[in-house]
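Peer 1: just need the structure, nothing else, for what follows:
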Amino acid sequence: MKNSIKIFVAIAVLAISCAPKKDKYEVFADDLCKCLSPMADFQKQLEEKFKSGQQDSVLAMLYRGKEIDSLGQVCMADLEKKHGKIEGEEAENKAMDALRKICPETLTILEEANAPMEPGESLEEEDMMMPEMDSTGEAGGEQ
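Peer 2: Residues are numbered from 1 along each chain as shown. Sure thing, here's the model as predicted:
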């Protein structure tokens, strides 16, 4: 029994030592993906609600979005303290490559959410309609 444990421990140590090491950009990307994930999930939920015509739900979610953004900003400030700033075009490119490798879906969602509108593209009028507010700030005021 003691020999089995020793063999298991030896194999575990060998497996860990042979695991590919992450470079500093991949370590940074891991941490940044953890910061960005809540906002990406929120953006995805927001888009689903919007596409399904639940604009009232979208408005209700906006406060939560501000909260998530604030938490993300704090998380990223902590990352800067931990990893330092990513400066220079070469370092930025390596960091973006690592992000694309580590969390491509999260990055795609956030890039799409922040993409500028194409020339000639516009929102449908009904997409821009906001419910009227009554004197208390509640939706559903007189129209």
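Peer 1: what about the helices in this structure?
Peer 2: Per DSSP state H, the chain carries helices over the ranges 2-18, 24-51, 55-83, 89-102, 104-113, 125-128.
Peer 1: least confident of the ones you listed, on average?
Peer 2: Ranked by mean pLDDT, the helices of the chain bottom out at helix 125-128, with a mean of 36.
Peer 1: thinking again about what came up before, out of the helices of the chain, which one sits most buried?
Peer 2: The highest mean neighbour count among these, using mean count of other C-beta atoms under 10 Å, belongs to helix 24-51: a mean of 17. Placement of C-beta: from N, CA and C, glycine included.
Peer 1: what helices or strands is it leaning on?
Peer 2: helix 55-83, helix 89-102, helix 104-113 (3 or more C-beta pairs under 8 Å, 6 or more residues apart in numbering; DSSP states H and E).
Peer 1: possible to save these as a markdown table with distance to residue 46?
Peer 2: As requested, the helices and strands packed on helix 24-51 are arranged in a markdown table below (distance: least, C-beta to C-beta, whole Å):
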| stretch | distance to residue 46 |
| --- | --- |
| helix 55-83 | 6 |
| helix 89-102 | 21 |
| helix 104-113 | 8 |
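Peer 1: so for residue 23, which of those sits nearest?
Peer 2: Closest of those to residue 23 is helix 89-102, at 7.6 Å (criterion: C-beta to C-beta).
Peer 1: ok, and what's touching the closest one?
Peer 2: Contact with helix 89-102 is made by 23, 25-26, 28-30, 32-33, 86, 107, as judged by C-beta atoms under 8 Å, 6 or more residues apart in numbering.
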